[in-house]
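Trainee: quick one, structure for this:
(one chain, ligands or ions: 1)
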Amino acid sequence: MRAVQFSQYGPPDVVEIADVDEPHAGPGQVRIAVRASSVAPGEVRLRAGEHRHDLPLTLPYRTGFDAAGVVDEVGAGVTGTHVGDEVFGITDQTTRGANADFVVLTSWARKPGAWTWAEAAGAASGAEVATRVLDLLAVTAGQTVVVHGAAGGTGVFVVQMAVARGARAVGTASEQNHGFLRELGAEATTYGPGLVERVAQMTPRGVDAIVDCAGGALADLVTIAGDPARVVTIADTTAARHHVRLTRGGVDAAGVVTLVLCGVLLTAGRVLPGRASFRAAMGIALVDVVALLLRS
Ligand SMILES: NC(=O)c1ccc[n+]([C@@H]2O[C@H](COP(=O)([O-])OP(=O)(O)OC[C@H]3O[C@@H](n4cnc5c(N)ncnc54)[C@H](OP(=O)(O)O)[C@@H]3O)[C@@H](O)[C@H]2O)c1
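Mentor: Just a heads-up that it's a prediction; the model follows:
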C-alpha cells in the first residue's frame, strides 16, 4: 500500500510516498480502508525537526494520526464493530501512519451520518485531546473555562466539549474568529497584550480552569487562573518553568471511551467539526494530496 512518510527532518520536499507493507489489526484494534485522513499543524513542525530534541522520531516516520474509513479487519476481542462499518478514529500515537491506504485504529467511533469523510478525518484527535484536558482539570457544569487558541483544530473541540459539560467557555482567538467561537457556544476575546485584564473583565468571579492550545502565554494564563494547577497546556514546552502540566497524547491518551462519547455528542448535533479540522484530503489521490498538504 502507499503511505506518506519522511526519512529525514527538513524542508517540505523530504516528504515522500512510499510502498510499504499493509498493517493488520491486533487485539483490540480495527483496520480501515482510509477514505480521508488529516494533517495536523504539529506534524509539519515534526517534519521540520522543531521537536527533534524533546520528541525525537524514529525515521522513516509515517505521518497521520486521524483517519476515517471503512472497517476491513477486526482484531481479537473487539465487540460492537464489524467489517463494513464506517468509523473515524486515531491510530497509535507513536507509530502513526494514518496518511496511507490502510491504517490500524486504536480508538474509534461510528462516523456520524451527517459528516463528510473529511470532517470525520479531522475530528478524532481533537475530541481525544479535549476530553483528556477537561478530565485533567476536572471540568464540570457551572465552571468557567478559558481556552487559549480556541479557534484552532484542537481548541474548537475543547470549547464544545466544555460547553457540552455545562461549563462556560471563554475562548481567545483573532478577531475574525470571534463570531465562529460564539457559534460554538463560547464567549470570545483576542489574545496578546492586555489578555489578563480582558479576561478579568469577562470573569469577575474568577476562572476555574484554563486550557492552553496555543503556547507562549503561560505567565499570563497562570495569573488569570491564580494557580498553576488550574492550567493545562498541550502546546507550551516551557510548562515546567511555570509549574504547569504539559500533557501529550502518548502518555495520557484518553482512549476509546472518549471517542464513543464524542460520537454520541456528534450524533446529537452537540459538537461540530469546526473549520480548522477541514484539512483532510479525499478520493483516489488521497495519499498524494496528503503529501502535498504536508509540503504546504
Ligand atoms: N499535546 C497534545 O496532545 C497535542 C495534541 C494536538 C495538538 N497539539 C499542539 O497544540 C497546538 C495547537 O494545535 P491545533 O491543531 O489546534 O493548531 P491550529 O489549528 O493551528 O490552531 C492554533 C490556534 O492558535 C491561535 N493562535 C495563533 N497565534 C496565537 C497566539 N500568539 N496566541 C494565542 N493563540 C494563537 C490561532 O488562532 P486564530 O486562528 O484565531 O488566530 C489558531 O487557531 C499545536 O502546537 C499542536 O502541536 C498538542
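Trainee: now Ala127: which helix or strand?
Mentor: Assigned by DSSP states H and E, Ala127 belongs to helix 124-136.
Trainee: which residues of this protein lie near the ligand?
Mentor: 40-42, 125, 129, 148-149, 151-155, 172-174, 177, 191, 213-217, 234-235, 247-249, 276 (CB under 6 Å from any ligand atom). For the C-beta atoms, the positions are set from N, CA and C on the backbone; glycine is no exception.
Trainee: and the residues you listed, which are buried?
Mentor: 40, 42, 125, 129, 148-149, 151-155, 172-173, 177, 191, 213-217, 234-235, 247, 249, 276 (16 or more other CB atoms under 10 Å).
Trainee: how close does Ala186 get to Gly215?
Mentor: Distance of Ala186 to Gly215, given as CB to CB, to the nearest Å: 19 Å.
Trainee: in strands, which of the buried ones among the residues of the chain next to the ligand fall?
Mentor: 148, 172 (DSSP state E).
Trainee: find the nearest non-adjacent residue to Arg241, please.
Mentor: Leaving aside its sequence neighbours, Arg241 sits nearest to Leu218 (CB to CB, 6 or more residues apart in numbering; 7.8 Å).
Trainee: what distance do you get for that neighbour to the ligand?
Mentor: From Leu218 across to the ligand, the span is 11 Å (CB to the nearest ligand atom, to the nearest Å).
Trainee: pretty sure that residue sits against Thr238.
Mentor: Yes: taking CB atoms under 8 Å as the definition, Leu218 is a contact partner of Thr238 at 6.3 Å.
Trainee: quick one, which of those two is more surrounded?
Mentor: Leu218 (23 against 13; other CB atoms under 10 Å).
Trainee: tell me the contacts of the more buried one?
Mentor: With contact set as CB atoms under 8 Å, 6 or more residues apart in numbering, Leu218 has these partners: 212, 231, 233, 236, 238-239, 241-242, 244.
Trainee: same deal with His148?
Mentor: Residues counted as contacts of His148 (CB under 8 Å, 6+ apart) are 155, 171-172, 191, 210-214, 217, 221.
Trainee: save those residues as CSV, and put in pLDDT and distance to Ala67 too.
Mentor: CSV is the format used below for the contacts of His148 (pLDDT from 0 to 100; distance: CB to CB, whole Å):
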residue, pLDDT, distance to Ala67
Gly155, 91, 21
Gly171, 98, 27
Thr172, 98, 30
Tyr191, 97, 31
Ile210, 98, 31
Val211, 98, 25
Asp212, 98, 27
Cys213, 96, 22
Ala214, 96, 25
Ala217, 98, 32
Leu221, 98, 32
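Trainee: just these now: which is nearest Leu134?
Mentor: Using CB to CB, Val211 is the member of the contacts of His148 that lies nearest Leu134, at 7.4 Å.
Trainee: could you dump the helix or strand containing that closest one to PDB, C-alpha only?
Mentor: Per DSSP H and E, Val211 falls inside strand 209-212. Provided in PDB are the C-alpha atoms of strand 209-212 (Å, rounded to 0.1, in the frame of the first residue of the first chain):
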ATOM      1  CA  ALA A 209      -9.700  26.100  34.600                       C
ATOM      2  CA  ILE A 210      -7.500  27.100  31.600                       C
ATOM      3  CA  VAL A 211      -6.600  25.000  28.600                       C
ATOM      4  CA  ASP A 212      -3.700  26.300  26.600                       C
END
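Trainee: which non-adjacent residue is nearest Val158?
Mentor: In space, Val158 is closest to Ala130, 4.4 Å off (CB to CB, 6+ apart).
Trainee: so that neighbour touches Gln160, yeah?
Mentor: Yes: contact status for Ala130 versus Gln160: in contact at 7.5 Å, counting by CB under 8 Å.
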